[in-house]
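Chemist: build the 3D model from these lines:
(2 chains)
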2 protein chains.
Amino acid sequence: MSKIKGKAIVAQSGGPTAVINASAAGVIETALANEDNFKGVFGAHNGILGVLTEELFDLGKENPAEITRLRCSPSAALGSCRYKLKDLDTNRADYERILEVFKAHDIRCFFYIGGNDSMDTADKVSKLAAETGYEMIAIGIPKTIDNDLACTDHCPGYGSVAKFTAISAMEAGRDTESLYTADTCTVMEVMGRNAGWIAASAGLARRSDEDAPHLIYLPERPFSIEQFVADVRRCLDEYKRCFIVAGEGIRDAEGNYLADAGGSFGKDSFGHTQLGGAAEALRAIVENEVGVKCRTNKAGTSQRNAMHFASATDAAEAYLVGAAAVKAAAEGITGKMVSLVRENDGGKYACTTALVNLADVANGEKPLPVEFINEAGNGVTDAFCEYARPLIAGNVELDMAPDGLPVYARLSKYMVEKKTRQRYDV
Amino acid sequence: MSKIKGKAIVAQSGGPTAVINASAAGVIETALANEDNFKGVFGAHNGILGVLTEELFDLGKENPAEITRLRCSPSAALGSCRYKLKDLDTNRADYERILEVFKAHDIRCFFYIGGNDSMDTADKVSKLAAETGYEMIAIGIPKTIDNDLACTDHCPGYGSVAKFTAISAMEAGRDTESLYTADTCTVMEVMGRNAGWIAASAGLARRSDEDAPHLIYLPERPFSIEQFVADVRRCLDEYKRCFIVAGEGIRDAEGNYLADAGGSFGKDSFGHTQLGGAAEALRAIVENEVGVKCRTNKAGTSQRNAMHFASATDAAEAYLVGAAAVKAAAEGITGKMVSLVRENDGGKYACTTALVNLADVANGEKPLPVEFINEAGNGVTDAFCEYARPLIAGNVELDMAPDGLPVYARLSKYMVEKKTRQRYDV
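Modeler: Numbers count the residues shown, from 1 in each chain, chains lettered A, B, ... in the order given. Now for the predicted structure:
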């Protein structure tokens, strides 16, 4: 595609991370600095929802210092959403509405920061634009704590959640070590519906056999209560205590979530399985079957926003993919996601970016590979730790306020005047 | 009492904190540096249990660098316990056993780091020693994340848990702010069985009305489901989201724990009320009565060991009370606990130590005062924030390893040869 002149828009989607704002900063700063190609940079309020409802901010009016501060501010400053667009065939109206809003504001570049659903959305918008003759570029920017996107070595957001998960396991593990005479077991539940990357990262805390976590259960391996009870008993024999990490999505061989075993709290108010109850289910097993006291820890949404102990490597790479997306767009490239490529710089970790097809990411998924899971299915291998360790390196410098807590950016969100007459209900 | 020569022993009790090891370091380093008074410094394995079973370490044999590293290492490096000694009248045997072990090793100073039960133990040991003519000193060193000890402005351990609670509320609050279109409410459950000091500390994160937490529920005020539902609805009207913090021990006007309302998981395997289910109970209310999705976060034991974001002020004061205990003992003082005294140094926070009677601490308790709770009973006052803010100031410098995580001390625990012939079963 030839070089494009027009406005750029950036949107954030799905569960926030500690560094999704760093990617936004990479987009905004790089695009604002390139006035040849970008005649303004807008933000969409709450991801694609803000495009559909034409709730757009003019990011060029923000204080540049606040944009820079996004690099050390967790969560999605533009607002996020979980709105999944259906197929083009079944819901063409949504896609046409997106193009209508883009056209109304002369938006020619769409940067979507998200997971595989977002890559799918970006891909379809790009294709419909081409089909209908509207010249525009769509570039995806990877973001997920789950680290399960295809076609990239790892995902921005993962290094930081991995670091926080590791320190939480290390610190709570020391608690169990100190107080094993009373609180003998602890279960720490972490996010990860289908992939065990986050649970695995707790293994980074384990420098010796006695260190927590002693057991890690992953959605990739069917969970067996009998094996679990035997594993816990063995740890109690060896260490007098047991620190267990479990992914929220662990399930038995038939695919039933453990969280369901705990009774009614395993379902949400709509009768759906409410993930997040795995720890309570495991606690019940430990107390009833093994007969020792068990505590549960569940950081919940704290884990994915823990900028206070985020990985500097992760934050830098998140910025990098945002900036790389703008550079690719400036060259007229469309339909791609920026991926992270690991390079071995004389044994030292290094990372560059590449471009992959949006469609390939949209339709892929990357579970924890077999070689990263130990044979017993209750821990990780050295190969996993070698993969993950460089991703957690370095602390992000925070902008500390006199009140003892960090200052996190909050944008002014200067709303852009609506140009379409239609009100669009989503 | 005249100056004493003999060995000192230090023990840690109850739930660990981020800085209980800093207090141990204050005791150990100060006592080892004073050979005139202290002919060696022992540690008891797992608090008073280690005295009863005569499992003692010789701390003088440890690498001094590892003792210094205790200042930035969470949890109880000597091991802790929840063993509550009964009254002298009903269980004289335990107290006599303690004195037997002390006499066997010429232990003349007992430093007990813990909460009010530990102060009670130290007091009774001291009194029985005096009664039976064994010259010894017992000094208590305050420790509790709950901040509910009488006779002291605040307790070492509180500043750090307060800081971690505040950052967790701030960061998870940003998550709810970003994703209110899908995850509209979040409940964060924190420790605090009888006192709301920890829950209150989340209020430090709130710099403006829109900031989390919007609602804080404390054990000091009876919890009403009707009022709660009205509070949440008002927040949704005002902010489109609601971030709630609840102490684990919130209960209704009749004293029933909310955690009980959630069904069987509210009881532990022994049929006791299992605190820690308050968040799930509140989530059920939000989803069923208000009809919006609600997430739950429960840091559990991670919150009390979060050295990675601990308060430098707290760590320094924890060391200070340990050192002050040894100085008092060296002067022949016994039966006292070191307290923290807040001084107003020209408007600037400063803190010194004093000595208070062990018995007064043992029999006291300090709930959150009325002037720290807002009128509606769902938040804290500015007066609370002014009290708590100095306690969270400063970050502790960690000893970071090349693997990207901190190095926390682990003692070699050189066991002292047993001198009593009796095996004591606890």
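
Chemist: which residues does the spatially most central residue of chain A contact?
Modeler: Nearest to the geometric centre of chain A sits A:T144, at 2.1 Å (CA atoms, centre = their mean). Taking CB atoms under 8 Å, 6 or more residues apart in numbering or on different chains, we find A:T144 in contact with A:G14, A:G15, A:T17, A:G114, A:G115, A:C155, A:G157, A:Y158. Placement of C-beta: from N, CA and C, glycine included.

Chemist: let's go with 10 Å and repeat that
Modeler: Residues near A:T144 by CB atoms under 10 Å, 6 or more residues apart in numbering or on different chains: A:14-15, A:17, A:20, A:114-116, A:118, A:152, A:154-158, A:161, A:195, A:197, A:304.

Chemist: and for A:G394?
Modeler: A:G159, A:K163, A:A310, A:S311, A:A312, A:T313, A:D314, A:A315, A:A316, B:M400, B:G404.

Chemist: just flag the most distant two among those.
Modeler: A:A316 and B:M400 (17.4 Å; CB to CB).

Chemist: got the residue ranges for the strands in chain A?
Modeler: Here chain A has its strands, by DSSP state E, at A:6-12, A:38-44, A:56-58, A:107-114, A:137-142, A:185-190, A:215-217, A:242-247, A:294-298, A:336-345, A:348-357.

Chemist: show me which residues of the stretch 301-426 of chain A sit near chain B.
Modeler: Within reach of chain B by CB under 10 Å from any CB of the partner chain, the stretch 301-426 of chain A has these residues: A:301-313, A:385, A:388-395, A:398, A:400-410, A:426.

Chemist: could you measure from A:M119 over to chain B?
Modeler: For A:M119, the distance to chain B equals 19 Å [CB to the nearest CB, to the nearest Å].

Chemist: wait, that residue touches A:G364, no?
Modeler: Yes - judged on CB atoms under 10 Å, A:M119 makes contact with A:G364 at a distance of 9.2 Å.

Chemist: neighbour count winner among those two?
Modeler: Using other CB atoms under 10 Å in any protein chain shown as the criterion, A:M119 and A:G364 rank with A:M119 on top: 30 against 15.

Chemist: what pLDDT does that one get?
Modeler: For A:M119, the model assigns a pLDDT of 96.

Chemist: what residues are up against it?
Modeler: Here A:M119 is in contact with A:13, A:112, A:138, A:140-142, A:149-151, A:336-337, A:356-364 (criterion: CB under 10 Å, 6+ apart).

Chemist: buried among the residues you listed? Need that as a selection in PyMOL.
Modeler: In PyMOL, this line selects whichever of the contacts of A:M119 come out buried by 16 or more other CB atoms under 10 Å in any protein chain shown:
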select buried, chain A and resi 13+112+138+140+141+142+149+150+151+336+337+356+358+359+360+361+362
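
Chemist: burial count for A:Y408?
Modeler: Neighbour tally, A:Y408, other CB under 10 Å: 24.

Chemist: verify the stated contact: it with A:P16.
Modeler: No - distance between A:Y408 and A:P16: 11.8 Å, which falls outside the contact criterion (CB under 10 Å).

Chemist: list residues touching both of the two?
Modeler: Common neighbours of A:Y408 and A:P16 (criterion: CB under 10 Å, 6+ apart): A:P74, A:S75, A:A77, A:N305, B:E171, B:R174.

Chemist: just give the closest residue to the fifth one, not the sequence neighbours.
Modeler: Counting by CB to CB, 6 or more residues apart in numbering or on different chains, A:N305 is the residue found nearest to B:E171 once chain neighbours are left out, at 4.0 Å.

Chemist: does the one you found touch A:M191 like I think?
Modeler: No - if you go by CB under 10 Å, A:N305 and A:M191 don't touch, sitting 11.5 Å apart.

Chemist: same drill for those two, tell me which one is more crowded.
Modeler: Remark: of A:N305 and A:M191, A:N305 carries more neighbours, 35 against 24, as counted by other CB under 10 Å.

Chemist: check contacts around the more buried one.
Modeler: A:15-20, A:73-76, A:145, A:160-161, A:164, A:299, A:408, B:167-168, B:170-176, B:178 are the contacts of A:N305 under CB under 10 Å, 6+ apart.

Chemist: same thing with A:L49?
Modeler: A:A11, A:S13, A:E55, A:G79, A:S80, A:C81, A:R82, A:Y83, A:Y424, A:V426, B:T181, B:A182.

Chemist: which residues are in contact with both of A:N305 and A:M191?
Modeler: A:G15, A:I145, A:V161, A:A299.

Chemist: my guess is the third one contacts A:G192, does it?
Modeler: Yes - between A:V161 and A:G192 there is a contact at 9.4 Å, judged by CB under 10 Å.

Chemist: find the residues that touch each one of A:M119 and A:G364.
Modeler: A:L149, A:A150, A:C151, A:V356.

Chemist: which one of those residues is nearest to A:A325?
Modeler: Distances from A:A325 to these, taken as CB to CB, are shortest for A:V356 (12.1 Å).

Chemist: for the closest one, which non-adjacent residue is spatially closest?
Modeler: Spatial nearest neighbour of A:V356, excluding adjacent residues (CB to CB, 6+ apart): A:C151 at 4.0 Å.

Chemist: do A:L56 as well
Modeler: Once flanking residues are discounted, A:L56 sits nearest to A:V416: 4.2 Å by CB to CB, 6+ apart.

Chemist: how far away is the one you found from chain B?
Modeler: A:V416 is 19 Å from chain B, by CB to the nearest CB.

Chemist: filter the contacts of A:L49 down to the buried ones.
Modeler: Using 16+ other CB under 10 Å, the buried ones in those are A:A11, A:S13, A:E55, A:G79, A:S80, A:C81, A:R82, A:Y83, A:Y424, B:T181, B:A182.

Chemist: would you list those in TSV and tack on distance to B:E220?
Modeler: What follows is the buried ones among the contacts of A:L49, written out as TSV (distance: CB to CB, whole Å):
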residue	distance to B:E220
A:A11	44
A:S13	41
A:E55	42
A:G79	36
A:S80	36
A:C81	38
A:R82	37
A:Y83	41
A:Y424	48
B:T181	35
B:A182	34
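
Chemist: by pLDDT, give me the weakest of the residues you listed.
Modeler: A:Y424 (81).

Chemist: for that one, which residues are in contact?
Modeler: With contact taken as CB under 10 Å, 6+ apart, A:Y424 is in contact with A:L49, A:V51, A:L52, A:T53, A:E54, A:A93, A:D94, A:R97, A:I98, A:E100, A:V101.

Chemist: would you list those in a markdown table and tack on distance to A:V292 and pLDDT?
Modeler: What follows is the contacts of A:Y424, written out as a markdown table (distance: CB to CB, whole Å; pLDDT from 0 to 100):
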| residue | distance to A:V292 | pLDDT |
| --- | --- | --- |
| A:L49 | 48 | 96 |
| A:V51 | 53 | 97 |
| A:L52 | 53 | 96 |
| A:T53 | 53 | 96 |
| A:E54 | 58 | 97 |
| A:A93 | 57 | 92 |
| A:D94 | 53 | 93 |
| A:R97 | 57 | 95 |
| A:I98 | 55 | 96 |
| A:E100 | 62 | 96 |
| A:V101 | 58 | 97 |
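
Chemist: domain parsing for chain A?
Modeler: Structural domains assigned to chain A are A:6-144+A:308-364, A:158-303, following automatic domain parsing.

Chemist: export those domains to JSON lines and tack on distance to B:A31?
Modeler: As requested, the domains of chain A are exported to JSON lines (distance: least, CB to CB, whole Å):
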{"stretch": "domain A:6-144+A:308-364", "distance to B:A31": "34"}
{"stretch": "domain A:158-303", "distance to B:A31": "21"}
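
Chemist: least confident of those, on average?
Modeler: When the domains of chain A are ranked by mean pLDDT, domain A:158-303 comes last with a mean of 90.

Chemist: report the distance from that domain to the chain centre.
Modeler: The chain centre lies 20 Å from the centre of domain A:158-303; the measure is CA atoms, centre = their mean, to the nearest Å.
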